[in-house]
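Trainee: Just a sequence and a predicted model for now, questions to come.
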Amino acid sequence: MTSNAILARFAAASAALVSPLQQAHFESCAGEAHSFLVQHADKIAAAAQSDDGFWPEAGHWMAHYRPYKVVNGTLFIPIKGILLHSFPYSFGDWATGYEYISRALARGLEDGNVRRIALLVDSPGGEVAGCFECAEKIFDARDKKPIEAFAHESAYSAAYALASAASKITVSRTGGVGSIGVVTSHLDLSKRMEQIGAKITFIFAGKHKVDGNSYEALPEAVRERIQVRIDELYGVFVSTVARHRSIEESDVRETEALTFTATEAMSNGLADAVGPLDEAVASFEAELSTETENETMSTEQDNSAASETALAAARTEGTAAGRTEGAKSERERITAIKGLDEAKARPAAAEQVAMATDMSVEQAKAFLAGLPEETKADDAGANNGAGAGASRFDAAMNKDNPNLTANDDGEGEDDDEEGATAGKAGATALLGARRAATGFGRKPAA
């Protein structure tokens, strides 16, 4: 029997994801983790009753055991020592809880300052309980933010299950990965009990209630049932790694739970790169920065092209709309001028005002009102291209400015006789009419 609460989790008949080659490391980590729980028992109990939330404030004693380290946009999540279920802490190099890893991961995904996540792995493995759920969270998260694992130095068994969920695994030159397997044990103390003259008698209900106890030899039927459970867990482990690493399950099974050096792991698909931790992390950051810069440039170019296209389309649309609206307004102006009461008695003049000037309806109304009404003789003359109607129109256009001609600059005193001629060109008449109505170009009074 053990008094170590951590080792008790891995007692007989409890399946574990650990590397047998790491037994000394495993036991050392278990001892330190147990000491941590004993040393901080009161504080841990008090914290459990607190409503302050999972992440402590800076300076709080628990901040050291629930680290959240972000450097240059990279969140570093430690996966070190024994990996434990229902252990919401990161206890240095000795123990890390699946709950802590999951919480840190979730926080990093929501944190706008975190652009990438690095898993720093150095672990002999850990408990089955909680392992595959945590791995699944990492695997799902890598579609949201880049996640890479760095085995510095070891990522064995449960630790490899977590590392495999990252998009990339880098192993230090002297590191190792693997041990994809499940283990349990049975301790038979029956002979020892005989030697000391002690006998344990179980009183129980249910045929299999005391199966696997340490005070009796393990019956074959019981061993077979335990093996079935181990095989099932092994199948989960194999399929998990195969999915994460995009390799065949048969290839994973062929590893037979061996541990592999960095170069061996590269050759069998269990790792992607070999190198020092600092260089690997720097490369991770640089690659992402380059990708982000390229994406930003591409987006800016796409947006610029889209903006230019949209602007050109808007200009074309605006021009077409303007022309349509202008033509519509001009038709309405002409129709309105011809429909004026003043135009009905002066149709020839109204026709010229509407078609040959840019007078507004109000200006045309005022102008036509100042002209004498046209007679039938005027209409006949107008139909012949020139007559009394046109002459009266000419007279009106020259009113207040007898020197104005089509080419006049306002200084034409010598052209009085020509300006009074009734047969001058219609263009001169229209220009004069416009100026008479609008005041544009009229010489100021002396």
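Mentor: Thanks, I have the structure now. Numbering: from 1, shown residues only.

Trainee: got any ranges where the stretch 301-446 of the chain has weak pLDDT?
Mentor: Counting by pLDDT under 70, the ranges of the stretch 301-446 of the chain that qualify are 301-327, 376-446.

Trainee: let's go with 50 and repeat that
Mentor: Low-confidence regions of the stretch 301-446 of the chain, defined here as pLDDT under 50, cover residues 382-383, 385-386, 401-431, 433-434, 436-438, 440-446.

Trainee: Might you list the low-confidence residue ranges for the stretch 151-300 of the chain?
Mentor: Ranges of the stretch 151-300 of the chain meeting pLDDT under 50: 293-300.

Trainee: Can you show me the strands along it?
Mentor: Ranges of strands within the stretch 151-300 of the chain are 168-171, 176-178, 259-261, 273-274, based on DSSP state E, counting those that start in this stretch.

Trainee: Please work out how many residues are found near residue 279.
Mentor: Residue 279 is flanked by 11 other residues according to other CB atoms under 10 Å. Where C-beta positions appear, they are placed from N, C-alpha and C, glycine not excepted.

Trainee: any idea how far it is from residue 218?
Mentor: Counting by CB to CB, to the nearest Å, the gap from residue 279 to residue 218 is 50 Å.

Trainee: Quickly run through the sheet partners of the one helix or strand residue 124 maps to, with directions.
Mentor: Using DSSP states H and E, residue 124 falls within strand 116-127. In the sheet, strand 116-127 lines up against strand 16-18 (antiparallel), strand 74-84 (parallel), strand 147-156 (parallel) (DSSP bridges).

Trainee: May I see these organised as a markdown table, with distance to residue 90 added?
Mentor: Listed next are those as a markdown table, based on distance: least, CB to CB, whole Å:
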| stretch | distance to residue 90 |
| --- | --- |
| strand 16-18 | 19 |
| strand 74-84 | 5 |
| strand 147-156 | 16 |
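
Trainee: Which of those strands sits closest to residue 27?
Mentor: strand 74-84 (9.6 Å; CB to CB).

Trainee: re earlier: just put the strands of the stretch 151-300 of the chain in JSON lines and tack on distance to residue 236 and mean neighbour count.
Mentor: Output for the strands of the stretch 151-300 of the chain, formatted as JSON lines (distance: least, CB to CB, whole Å; neighbours: other CB atoms under 10 Å):
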{"stretch": "strand 168-171", "distance to residue 236": "20", "mean neighbour count": "26"}
{"stretch": "strand 176-178", "distance to residue 236": "17", "mean neighbour count": "26"}
{"stretch": "strand 259-261", "distance to residue 236": "20", "mean neighbour count": "20"}
{"stretch": "strand 273-274", "distance to residue 236": "27", "mean neighbour count": "18"}
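
Trainee: could you dump these to CSV with distance to residue 130?
Mentor: Supplementary listing: those in CSV, determined by distance: least, CB to CB, whole Å:
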stretch, distance to residue 130
strand 168-171, 21
strand 176-178, 20
strand 259-261, 23
strand 273-274, 28
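
Trainee: Nearest to residue 239, out of the ones you listed?
Mentor: Ranking the strands of the stretch 151-300 of the chain by proximity to residue 239 (CB to CB) places strand 176-178 first, at 16.5 Å.

Trainee: Excluding its own residues, what touches that closest one? List them.
Mentor: Residues outside strand 176-178 that contact it (CB atoms under 8 Å, 6 or more residues apart in numbering): 19, 151, 153-156, 160, 163, 169, 171, 255, 257-262, 265, 270-271.

Trainee: switch the cut-off to 10 Å
Mentor: Here strand 176-178 makes contact (CB atoms under 10 Å, 6 or more residues apart in numbering) with 19, 21-22, 121, 149, 151, 153-157, 159-160, 163-164, 169, 171, 241, 255-262, 264-265, 268, 270-271.

Trainee: helix or strand for residue 30, which one?
Mentor: helix 23-39.

Trainee: Next SSE downstream of that helix?
Mentor: Helix 23-39 is succeeded, C-terminally, by helix 41-48 (DSSP H and E).

Trainee: follow-up on the earlier one: so for residue 363, which of the strands of the stretch 151-300 of the chain sits nearest?
Mentor: strand 168-171 (79.5 Å).

Trainee: Can you list the strands that that closest one pairs with?
Mentor: Going by DSSP bridges, the partners of strand 168-171 are strand 147-156 (parallel), strand 273-274 (parallel).

Trainee: among those, which is nearest residue 229?
Mentor: Closest to residue 229 of the strands paired with strand 168-171, according to CB to CB: strand 147-156, at 21.4 Å.

Trainee: what's residue 15 sitting at in phi/psi?
Mentor: phi -70, psi 150 (degrees, to the nearest 10).
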